[in-house]
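Undergrad: after the sequence you'll find the predicted model.
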Amino acid sequence: MDIAVSVNDALLQESLLDWLRGDPELRPAVKKRHAAPKPGELGTIADAILISVGSGGALTMLASALKAWVQQPRGKHVVLRLSRGENGEKTTEIDADRVGSDDIEAILDRLFREGESA
């Protein structure tokens, strides 16, 4: 299963991508998802980060990495949007100002379990 993660700011999204790729165990599971170009555009832009999580262990590693990244001082408001499913049927947002970093694993677990039962 893939989980798509997008951030409310393009520079923050690149920062998160670099952070996740810096984890040797997550690196092989992390890639950019590109949106289809609009009419008149020459290329695509990365609209999300895709992380392949096939087991509870990978989900726990992702949660740990997201918790550590969210805790870093940024000077900007951070909102993560996580979705799963081919068309993002299951989606949730994590507002770093309102959700404690310890809640991230529970949110990811719930998103994963909802997808398993669908």
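TA: Nice, thanks for sending it over. Numbering: from 1, shown residues only.

Undergrad: next, residue 111: secondary structure please.
TA: helix (DSSP: H, G, I helix; E, B strand; the rest coil).

Undergrad: hmm, residue 94 and it touching each other?
TA: No: contact status for residue 111 versus residue 94: not in contact, 10.3 Å apart, counting by Cβ atoms under 8 Å. To be clear about C-beta, it is placed using only N, CA and C from the backbone, and glycine gets the same treatment.

Undergrad: can you pull the residues that touch both of these two?
TA: Residues touching both residue 111 and residue 94 (Cβ atoms under 8 Å, 6 or more residues apart in numbering) are residue 82.

Undergrad: distance check, residue 9 against residue 106.
TA: With distances taken as Cβ to Cβ, to the nearest Å, residue 9 is found 25 Å from residue 106.

Undergrad: neighbour count: these two, which is higher?
TA: Legend: neighbour count by other Cβ atoms under 10 Å for residue 9 and residue 106, higher for residue 9 (15 against 12).

Undergrad: what's near enough to touch the more buried one?
TA: Residue 9 neighbours (Cβ under 8 Å, 6+ apart): 76, 78.
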